[in-house]
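Enquirer: Sharing a sequence plus its predicted fold:
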Amino acid sequence: MLKDKIQELQNKKCDLQDLIRKINNDISVINQYVIDTCVEKCGGHNFESYRESGLYGETFYVCKICGVEE
């Protein structure tokens with residue numbers, strides 16, 4: 001009885017992990033589409049620099065149009 005419950009939960013866990021992988025893949029595909037569209041329709045990215053606060057804050061660049069980080 002408890003072994004059946006454990007097996008059921010393990011199966012559910014595997015199904016959910018598969019779903020998470022699929023969702024992550026879908027997110028990657030959509031992000032790539034946004035980046036490609038920015039390049040095609042706007043002629044390229046328009047990067048703006050940002051600096052994190054703090055003593056050793058990093059500087060990073062983000063496209064104003066699509067939000068991609070360089």
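Expert: Perfect, I can see it now.

Enquirer: in the chain, which spans are strands?
Expert: For the chain, the strands defined by DSSP state E occupy 47-51, 59-63.

Enquirer: closest one to K13 among those?
Expert: Taking Cβ to Cβ, strand 59-63 is the member of those nearest to K13, at 35.7 Å. Quick note: C-beta positions are derived from backbone N, CA and C, even for glycine.

Enquirer: who does the closest one touch, helix- and strand-wise?
Expert: Packing partners of strand 59-63 (3 or more Cβ pairs under 8 Å, 6 or more residues apart in numbering; DSSP states H and E): strand 47-51.

Enquirer: and the angle for the strand it packs on with strand 59-63?
Expert: 150 degrees (axes from the mean of the first three to the mean of the last three Cα atoms, to 10 degrees).

Enquirer: How many residues are close by Y61?
Expert: If you count neighbours by other Cβ atoms under 10 Å, Y61 ends up with 12.

Enquirer: show me where pLDDT drops low in the protein?
Expert: By pLDDT under 70, the chain contains no weakly predicted segment.

Enquirer: Apply 90 and report the result again.
Expert: Within the chain, the ranges that satisfy pLDDT under 90 run 1, 39, 41-44, 50, 54-57, 67-70.

Enquirer: where exactly do the helices run in it?
Expert: Using DSSP state H, the helices of the chain run over 2-42.

Enquirer: on that earlier part again, burial-wise, tell me which of the strands of the chain comes out on top.
Expert: strand 59-63 (a mean of 14; mean count of other Cβ atoms under 10 Å).

Enquirer: In PDB, could you pull the C-alpha coordinates for it?
Expert: In PDB, the C-alpha atoms belonging to strand 59-63 read as follows (Å, rounded to 0.1, in the frame of the first residue of the first chain):
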ATOM      1  CA  THR A  59      28.200  46.500 -15.400                       C
ATOM      2  CA  PHE A  60      25.900  44.800 -17.800                       C
ATOM      3  CA  TYR A  61      24.100  45.700 -21.000                       C
ATOM      4  CA  VAL A  62      20.400  45.300 -21.800                       C
ATOM      5  CA  CYS A  63      18.700  46.000 -25.100                       C
END
